[in-house]
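Engineer: sequence unknown, structure follows:
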């Protein structure tokens, strides 16, 4: 008997976190229906990985439009669930699926790594059937499942991730030419309200420092300032992790990419207003204190000081590769854990 699973995608990172799980579930004969939000490169990634999907809404641009988007998604998801009748609803952000799950009686699994959610996240945690988080998560729930790893390991584990050296050609790099990656996010998501990333002067300071060890490529969620547009990276979104793997350093205000870089063995510096808050604190604390792969700062001056120190360390990349090996050996394979979780749920239905 086919097991039907509805998967809700709100962010490009969700595609990466779930793709190996979805491929395995499809291979085993399960039926997958993906609903998506038209945000950044999420749909381009789904296309690249050949996943069929249904777009429900575009990303809201401010609080009123985000609220409207949420209501529209509730309505459309409810209609889809009534027609499709999935056996399980799965998503990395339960803002939409948890309430619909409670209304329809369909079990839901919310995959989360943020301890301090905004209102929408709190609703998700309240209504979800099961909340799945890394073991380092600093909150506890009644219906809580913890695993000893990170969600990013689901797609960056060596079993699934094989770096593609051809990305160097895509970047027009010479043989053995060094480069660094910088990432700026738009800070327009609902969970980013009242938060901020980096100002223009600090962005220019980052580029100046990283240029000392090679070329600099910028990945940006929003439009780049004219002074920085010449650094904008031009590579297919599904190749970004190979780009990160071979980079000498990563610097940016992105939560996800900072984690990805560290897990890939690339020296990583994160700087934004969320540092020092509960937002993802358990994971970033472990990444920095236990594994030493990501440094986090809320003060740009402190971040720049650390960047300068790292730029002057000629053996830093080799040190991070060893740290990566230890981290991967120390953590469970997240995709395998999620597959077993879905199988257990199927048995209980």
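Structural biologist: Noted; the coordinates are in hand. Please read all numbers here as calculations on a predicted model, not as lab measurements.
Engineer: let's test this: mean pLDDT of stretch 280-297, rounded?
Structural biologist: In this model, stretch 280-297 has an average pLDDT of 94.
Engineer: now swap in stretch 60-75 and tell me
Structural biologist: Mean predicted confidence for stretch 60-75 is 83.
Engineer: and that stretch, what's buried?
Structural biologist: By neighbour count on 16 or more other C-beta atoms under 10 Å, the buried set for stretch 60-75 is 60, 66, 69, 70, 73, 74. From N, CA and C alone the C-beta is placed, and that goes for glycine too.
Engineer: kindly report the same for stretch 295-310.
Structural biologist: Across stretch 295-310, burial judged by 16+ other C-beta under 10 Å covers 295, 296, 297, 300, 303, 304, 306, 307, 310.
Engineer: of those residues, which belong to strands?
Structural biologist: Per DSSP state E, strands hold the following members of those: 295, 296, 297.
Engineer: let's have those in CSV, adding distance to residue 314.
Structural biologist: Shown next, in CSV, are these (distance: C-beta to C-beta, whole Å):
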residue, distance to residue 314
295, 18
296, 24
297, 23
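Engineer: between the residues you listed, which is nearest residue 148?
Structural biologist: Nearest to residue 148 among these: residue 296, at 21.1 Å, using C-beta to C-beta.
Engineer: check what pLDDT residue 197 gets.
Structural biologist: On the pLDDT scale, residue 197 gets 59.
Engineer: ditto for residue 349
Structural biologist: Looking at residue 349, its pLDDT is 73.
Engineer: ranges for the strands of the chain?
Structural biologist: Using DSSP E, strands in the chain cover 4-9, 31-38, 54-58, 88-91, 108-111, 130-134, 144-147, 179-184, 215-220, 249-252, 268-271, 294-297.
Engineer: residue 82: which of those strands is closest?
Structural biologist: Closest approach to residue 82 among the strands of the chain is made by strand 4-9 (11.6 Å; C-beta to C-beta).
Engineer: mind listing what's buried in that closest one?
Structural biologist: Under 16+ other C-beta under 10 Å, the buried positions of strand 4-9 are 5, 6, 7, 8, 9.
Engineer: surely the second one and residue 84 touch.
Structural biologist: Spelled out, that is residue 6. Yes. Using C-beta atoms under 8 Å, residue 6 is in contact with residue 84, at 6.5 Å.
Engineer: common neighbours of the two, please.
Structural biologist: Shared contacts of residue 6 and residue 84, defined by C-beta atoms under 8 Å, 6 or more residues apart in numbering, comprise residue 33.
Engineer: what's the burial count for residue 346?
Structural biologist: Counted by other C-beta atoms under 10 Å, the residues lying close to residue 346 total 15.
Engineer: the nearest residue to it once chain neighbours are set aside: neighbour count?
Structural biologist: With C-beta to C-beta, 6 or more residues apart in numbering as the criterion, residue 346 has its nearest non-adjacent residue at 5.1 Å, and that residue is residue 3. Burial of residue 3 is recorded as 18 neighbouring residues (other C-beta under 10 Å).
Engineer: in the chain, where is pLDDT below threshold?
Structural biologist: Applying pLDDT under 70 to the chain flags the ranges 1, 116-121, 186-197.
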